[in-house]
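Peer 1: Have a look at this prediction, sequence included:
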Amino acid sequence: MPKRHTRPLPRLWLMTDERMGDALLPSIGRLPKGAGVIFRHYSLASAERAVLFDAVKRVARARRLMLVFRGRQGGHGRHRGALTAPVHSIPERIAAERNGARLIFVSPVFPTTSHPGGRALGRVGFGQLIRGSAVPVIALGGMNPKRARSLGAFGIYGWAAISSLTGQKL
């Protein structure tokens, strides 16, 4: 049987958010080819969310971006078979690995404007949480290119953000 070619998973991800407003599509359009987008917008009504998702999908296809969203097999979430999974604790990391996630999004590494006053893992907590992970790690929470480089010693696969990839203070 011929070997199926699968492209590598993105190392850079944009997490979408209702607060992005009109900056959403232009921000996706500025991502480098091969980046990824996690489409969230959970508070929107189903019909409105579907219309927005279709617009995001058109831009993502044109830019050759990987688009992932919650609620479908292979999407983003804590369900079995999720391609990507959010992780905030060691038990969540273990569950994501057992459920077959191919990437884990560990957060919040640093303080973030998305969750003002929320407790960040910090470098030590982040290192403890990902130690021994069997799945590549995407760092999330207060991330920017400089902070991502600073986590290189932890062997992260990549990073994700909202504000630093949109230029917005959310």
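Peer 2: Alright, I've got the coordinates.

Peer 1: By residue count, what's the longest helix in the protein?
Peer 2: Once the chain is assigned using DSSP state H, the helix that runs over the most residues is helix 46-63.

Peer 1: Give me the helices and strands touching that helix, please.
Peer 2: Packing contacts for helix 46-63, counted by 3 or more CB pairs under 8 Å, 6 or more residues apart in numbering; DSSP states H and E, involve helix 24-30, strand 36-39, strand 66-69. Bear in mind the C-beta positions are built from the backbone N, C-alpha and C, glycine included.

Peer 1: Surely residue 111 is in a strand?
Peer 2: No - Residue 111: not assigned to a strand; according to DSSP: H, G, I helix; E, B strand; the rest coil it is coil.

Peer 1: any idea whether the residue nearest to it when sequence neighbours are not counted is helix, strand or coil?
Peer 2: Closest residue to residue 111 apart from its sequence neighbours, by CB to CB, 6 or more residues apart in numbering: residue 120 at 4.9 Å. Counting by three-state DSSP, the backbone at residue 120 sits in coil.

Peer 1: Start the count at 837 instead of 1 going forward.
Peer 2: OK, 837 is where the count begins now, so the last one is residue 956.

Peer 1: Break down this protein into its helices, ranges please.
Peer 2: 860-866, 882-899, 926-934, 958-966, 981-986, 999-1002.

Peer 1: Of these, flag the one that's most buried.
Peer 2: helix 999-1002 (a mean of 20; mean count of other CB atoms under 10 Å).

Peer 1: Pull out the CA atoms of that one and give them to me as PDB.
Peer 2: Extracted as PDB, the C-alpha positions of helix 999-1002 are listed here (Å, rounded to 0.1, in the frame of the first residue of the first chain):
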ATOM      1  CA  SER A 999      -2.900  39.600  20.700                       C
ATOM      2  CA  SER A1000       0.700  39.300  19.500                       C
ATOM      3  CA  LEU A1001      -0.500  37.900  16.100                       C
ATOM      4  CA  THR A1002      -3.300  40.500  15.700                       C
END
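
Peer 1: Contacts for that helix, please.
Peer 2: Residues outside helix 999-1002 that contact it (CB atoms under 8 Å, 6 or more residues apart in numbering): 848, 850, 856, 859, 863, 866-867, 948-950, 979-981, 1005-1006.
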